[in-house]
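Predicted model, plus sequence, below.
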Amino acid sequence: MSLSITDTGCGIFRENMKNIFEPLFTTKARGIGLGLSVSKSLVDANGGSIKVESEEGKGSTFTLILPTREAVS
């Protein structure tokens with residue numbers, strides 16, 4: 001299963017891309033920098049991945065990829 005989320009914000013600066021999934025990393029005055037870190041941990045724990053594409057001044061797209069499982073009856 002794949003889910004993409006796109007925004008039209010300011011994008012992510014190239015020098016910040018390597019840190020965005022690190023706990024407590026933030027570029028905002030308000031916030032604690034846990035959202036993307038927790039999201040990545042949950043996706044990783046379920047055998048998935050998160051990919052990000054971003055263009056400064058134009059926004060970002062995050063794509064979550066999770067394996068599918070057959071329903072148990």
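Arrived safely.

Please identify the helix or strand for residue 54.
Per DSSP states H and E: residue 54 is located in strand 49-55.

pLDDT score for residue 27?
The model reports residue 27 with a pLDDT of 89.

For it, list the residues it contacts.
The contact partners of residue 27, by CB atoms under 8 Å, 6 or more residues apart in numbering, come to 13, 16. C-beta here means a position set from N, CA and C on the backbone, and glycine is covered the same way.

cool, residue 37 as well?
Contacts of residue 37 by CB under 8 Å, 6+ apart are 21, 22, 23, 24, 25.

Count the residues that sit near residue 18.
9 (other CB atoms under 10 Å).

Residue 40 now?
18.

what helix or strand is the residue lying closest to residue 4 once chain neighbours are set aside on?
Of all residues beyond its chain neighbours, the one nearest residue 4 is residue 63 (4.6 Å), with distances taken as CB to CB, 6 or more residues apart in numbering. When elements are assigned from DSSP H and E, residue 63 belongs to strand 59-65.

Can you list the buried residues in that strand?
Across strand 59-65, burial judged by 16 or more other CB atoms under 10 Å covers 60, 62, 64.

who's the last one bridged to?
This points to residue 64. Beta-bridge pairing of residue 64 under DSSP bridges involves residue 3, residue 50.

again with the first one
Listed beta-bridge partners, residue 60: residue 54 (assigned using DSSP bridges).

sec struct for residue 47, please.
coil (DSSP: H, G, I helix; E, B strand; the rest coil).

Contact partners for it?
Counting by CB under 8 Å, 6+ apart, residue 47 has contacts 66, 67.

pLDDT score for it?
Confidence for residue 47, expressed as pLDDT, is 96.

give me phi/psi at it?
Backbone torsions for residue 47, taken as degrees, to the nearest 10, come to phi 80, psi 20.
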